[in-house]
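> Sequence first, predicted coordinates after that:
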Amino acid sequence: MKLKSACSAAIIALAGPAIADFPEKPVTLIAPFNAGGGTDLLLRGFQEPFAEALGGNAVVQNMAGGSGTVAASHLAGLDPDGYTLGYLSITVSTIQPQIKDVPYDRESWTPICSVAASPTMFFVNSDSEYNSLADVKADIEANPNALIFGSSGPGAITHLTMVAAMNGMGVMDQVKHLPHQGSGPAMQSMASGVIQFFGDTEVMMSRYDLKPLAVFADERIASLPDVPTATEAGIPAPLNELYLWGGLFAPAGLDPEVAETLAAACEVAVQSDAFQEFADNTGTVINYRGPSEFDAFFRQQWDANSTLIEASGL
Amino acid sequence: MLDALPAALGLLLTFQGMTVLVIGTALGIILGAMPGIGSTVAVALVLPFTLSMEQAPAILLLLAVYAGSVYGGSISAILINTPGTPAGAATVLDGTPMAQAGKAGQALGWATIASVAGGLFSAVLLLFAAPQLAAFALRFGPVETFALICLGMTCIVTVSKGSVPKGLVAGALGIFLSTVGGDPITGEVRFTFGHYQLIAGFNLLAVVIGVFAFSEILIRISDGASDGGTNVKFDGIVLPRLRQWKGRIKGLIKSIAIGSGVGVLPGTGSATAAFISYAEAKRSSPNSNNFGKGEPDGIIAAESANNAVTGGALVPTMALGIPGDVITAVMLATFTLHGITPGVRLMEDNPVLMSAIFLGFFIINILLLPLGLALSKVAAPILRIREPLLLSAIGVLCVLGVYYVRGNPFDLLIMFGAGVAGLFLRRAGYPMAPLIIGMVLGPAFELSLRQGLIITDGSFLAFFDGHPIAAVLLAVTAVGLLWPLVNTILTWKKDNART
């Protein structure tokens, strides 16, 4: 599979852009993380219905490293012919380029379609005495610099969720931040009491003993009707909404017709039974947006997140 | 857990269940035995096949390939001096000299029995004590991890064959290489000189395969490759006789304990276990002076520990949902694809499936013995093919293996670079194992130290206060480092008194 995609990439490079009867060759979907990771599995669930809807072939290629930035940097430097797309998340596309020196930025992309968007939540241990963000705020103010929030890494969505919450409560300078390498190790720190607070998506609740205190969405979520939104818990805009989203991106300058063709196939794929079942199994919240809508959303997110990054001190 | 065993056996003792175990283990051994192809690549290669399988066979296939490839790695490490994983670098220390002394069959015999013993014991632990061990693992915070890594770092001295100063230089180089890329606490990018490919840092596997396998090819070419086979004579595994085990059992048990223990702790891994175990064996073995020259105790220490890690690493993975490395992370992801939620309730919610997996893991480790014996017979003729052909084949496998791990062409440049650097460093007498220890432990050392300092508000003293496990580990580290010095002074005084 790897070799095939490498070969097709080479052929594409030689053949140059072809628009008339798109697609004339297999479309490569780059997963910027390791085989077997969450993004990789999502793309493998997406690949078949997408290829079918496109009337062509699609292959998944993994290119891991640097929290996804290596693959994104590689993708940004390719010809915008529509034959190589990447699945980039909020972190890879809007946060990492603002905190790291990478060869891509806001203008490097033709956003094709968004695929998933799950609101993040504020978690404490399930046996913790905190029952609301007000409890958390009171305890932090009573014990400045004693409590710790964790994250899966600097600049990760888990980090920004906590930055939004702590800033929204006005206690950012009275808590400490302990970065980990991934959500798994952070959950170990949570279970052993090293950290008290963590922000991630709903799927973590099914895996670990966590209690949600707020959800960073515009309304309460159906599966957890008792959990207040961040707004209700007193977090002011623009810190009150945060979604872990991801979608397909092509390098900037892709022909709009090709982008529309790809997006149409993308929409059929995300609605397909196969992908819906995958989403159910993995707790992925499906969220489709077409090219122009996704482009506006991406730009709005870039600006919103630069405020958060500034607040986080990264 | 135990109540579910009968139902679990029913799940395992089917045609499909047993076929998956046998084929998976054999495939694991074969892939692991190929130079340049390690466990990560082996597991990634079979992953697509598991997608269309039932829950139990899918997980068992991954487990079988994982355990098989860890054992298989010892074959290429011993026979052609080309380990495919960082852990294999510890097996090379005594395995290769023994093979070159004409005892390749015996060396593999020791490795086989040690692997099976290590794997079986860790399987028993997993079956009976996973929840308790997981609770213990939770007590290992950043400060404790830091202390364990310090202890691991002392292995650099032990494995510095020939020259300790050169070993320290190689170790420091390894630690330096591991600092390239993203800062784990601030996210800033270090030492990339504007090359985005370096944001991800130097890939460990690319460096391991470069300095061991690829530089081995270069060294043999520069020595003038022979037209016949390699100088290693091998006609199949020769299992050690019972009486040869005299005086070695204690070391075996200790190594298994070290391997299982380190495996249980998230964030360490098989290379750490193999090297700590090797260092401890070298310190306490009656055959200490023979280490590095083909001593069976060295092979036993490395192989039993790194196979014991496989079961140990499954403890936090299965009981807490916390994967210890890339491979266990892939297993957790496979669970979700099959509609099973990994995490703290995994064993509670799926007792039959989990019992079947743990039992299957036990069977896999038994299978290593007959399959290892049979497959090594097949491997024997390969050593007799003309050396240029063999070296070219190894070169191709190295390229495939390195590229497959991350799909990043830049990793190939790293491998070639490491190969050439390895050629010159090895020629100049620098041992390569310390470099790998530095690269493996460097990131964990930095992360746990800086995490610990965040927790203690920057106080080193607080590392000892309220962290008894860490205090003990740091004390052992200090004694281990100072003992040779004290010992030298004592002997010197004694000699002076006599004259």
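It's in.

> Show me which residues of the stretch 301-450 of chain B sit near chain A.
Taking C-beta under 8 Å from any C-beta of the partner chain as the contact definition, the stretch 301-450 of chain B meets chain A at B:316, B:320-323, B:326, B:329-330, B:333-334, B:336-339, B:341-345, B:403-408, B:410, B:447. From N, CA and C alone the C-beta is placed, and that goes for glycine too.

> State the pLDDT value of residue B:348.
With respect to pLDDT, residue B:348 scores 87.

> Give me the number of neighbouring residues for it.
For residue B:348, the count of nearby residues is 12 (other C-beta atoms under 10 Å in any protein chain shown).

> Quick one: classify it as helix, strand or coil.
Here residue B:348 is recorded as helix under DSSP: H, G, I helix; E, B strand; the rest coil.

> Would you agree residue A:144 falls within a strand?
No. Counting by three-state DSSP, residue A:144 is not found in a strand; it is coil.

> Quick check: it vs chain B, distance?
12 Å (C-beta to the nearest C-beta, to the nearest Å).

> check contacts around that residue.
For residue A:144, the contact set (C-beta atoms under 8 Å, 6 or more residues apart in numbering or on different chains) comprises residue A:174.

> For it, what are phi and psi?
The phi/psi pair for residue A:144 (degrees, to the nearest 10) reads phi -60, psi 140.

> One more: residue A:64?
phi -100, psi 160.

> Just to check, it is in contact with residue B:408?
Yes. Contact between residue A:64 and residue B:408 holds when scored by C-beta atoms under 8 Å: they sit 7.1 Å apart.

> what do those two both touch?
Common neighbours of residue A:64 and residue B:408 (C-beta under 8 Å, 6+ apart) are A:70, B:200.

> Just give the number of residues close to the closest residue to residue A:163 other than its chain neighbours.
The spatial neighbour of residue A:163 that comes closest, neighbours along the chain excluded (C-beta to C-beta, 6 or more residues apart in numbering or on different chains), is residue A:312 at 4.2 Å. Residue A:312 has 23 neighbours, counted by other C-beta under 10 Å.

> what's near enough to touch residue A:312?
A:155, A:159, A:160, A:163.

> now, which of the residues you listed sits nearest residue A:202?
residue A:160 (16.7 Å; C-beta to C-beta).

> The closest one contacts residue A:96, correct?
No. If you go by C-beta under 8 Å, residue A:160 and residue A:96 don't touch, sitting 11.6 Å apart.

> coming back round to it: keep only those of the residues of the stretch 301-450 of chain B next to chain A that are in helices.
B:316, B:320, B:326, B:329-330, B:333-334, B:336-337, B:403-406, B:410, B:447 (DSSP state H).

> In the stretch 201-350 of chain B, which residue sits closest to chain A?
Going by C-beta to the nearest C-beta, chain A is nearest to residue B:343 of the stretch 201-350 of chain B, at 2.9 Å.

> Count the residues that sit near residue 73.
No chain was given, so I picked chain A. 24.

> nope, chain B please
Applying other C-beta under 10 Å, we find 34 residues neighbouring residue B:73.

> now the one 3 residues further on
Neighbour count of residue B:76, defined by other C-beta under 10 Å: 28.

> ok, now the one 3 residues further on?
Close neighbours of residue B:79, defined as other C-beta under 10 Å, add up to 25.

> Which elements pack onto the host helix or strand of it?
Using DSSP states H and E, residue B:79 falls within helix B:55-80. For helix B:55-80, the elements it packs on are helix B:5-12, helix B:15-33, helix B:39-50, helix B:88-98, helix B:104-138, helix B:296-320, helix B:326-337, helix B:351-379, judged by 3 or more C-beta pairs under 8 Å, 6 or more residues apart in numbering or on different chains; DSSP states H and E.

> most neighbours per residue, which of those helices?
By mean neighbour count, with neighbours taken as mean count of other C-beta atoms under 10 Å in any protein chain shown, helix B:296-320 ranks first of the helices and strands packed on helix B:55-80 at a mean of 31.

> Tell me how far residue A:146 lies from residue B:50.
Computed as C-beta to C-beta, to the nearest Å, the residue A:146 to residue B:50 distance reads 46 Å.

> Where does the record place the domain boundaries for chain A?
Per automatic domain parsing, the structural domains of chain A span A:2-117+A:243-312, A:119-215.

> Put together JSON lines for those domains, with distance to residue B:492 and mean pLDDT on each row.
Output for those, formatted as JSON lines (distance: least, C-beta to C-beta, whole Å; pLDDT from 0 to 100):
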{"stretch": "domain A:2-117+A:243-312", "distance to residue B:492": "51", "mean pLDDT": "88"}
{"stretch": "domain A:119-215", "distance to residue B:492": "46", "mean pLDDT": "94"}
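
> Angles on the backbone of the residue nearest the centre of chain B, please.
Central residue of chain B (C-alpha atoms, centre = their mean): residue B:87, 2.7 Å from the mean position. Dihedral angles of residue B:87 (phi, psi; degrees, to the nearest 10) stand at phi -60, psi -40.

> Check the offset of the lowest-mean-pLDDT helix or strand in chain B from the chain's centre.
Least confident element among the helices and strands of chain B, by mean pLDDT, DSSP states H and E: helix B:326-337 (a mean of 84). In terms of C-alpha atoms, centre = their mean, to the nearest Å, the centre of helix B:326-337 is found 19 Å from the chain centre.

> repeat for stretch B:213-223
Worked out by C-alpha atoms, centre = their mean, stretch B:213-223 lies 23 Å from the chain centre.

> Show me which positions of it end up buried.
Buried residues in stretch B:213-223, counted by 16 or more other C-beta atoms under 10 Å in any protein chain shown: B:213, B:214, B:215, B:216, B:217, B:218, B:220.

> got CSV for these, with pLDDT and distance to residue A:297 too?
Formatted as CSV, the buried residues of stretch B:213-223 follow (pLDDT from 0 to 100; distance: C-beta to C-beta, whole Å):
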residue, pLDDT, distance to residue A:297
B:213, 92, 47
B:214, 94, 46
B:215, 94, 50
B:216, 91, 52
B:217, 92, 51
B:218, 94, 52
B:220, 90, 57
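
> got these as TSV, with secondary structure and distance to residue B:72 columns?
Shown next, in TSV, are these (DSSP: H, G, I helix; E, B strand; the rest coil; distance: C-beta to C-beta, whole Å):
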residue	secondary structure	distance to residue B:72
B:213	helix	14
B:214	helix	19
B:215	helix	21
B:216	helix	18
B:217	helix	20
B:218	helix	24
B:220	helix	22
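
> near chain A, which of the residues you listed show up?
Counting by C-beta under 8 Å from any C-beta, no member of these is near chain A.

> Fine by me, thanks again.
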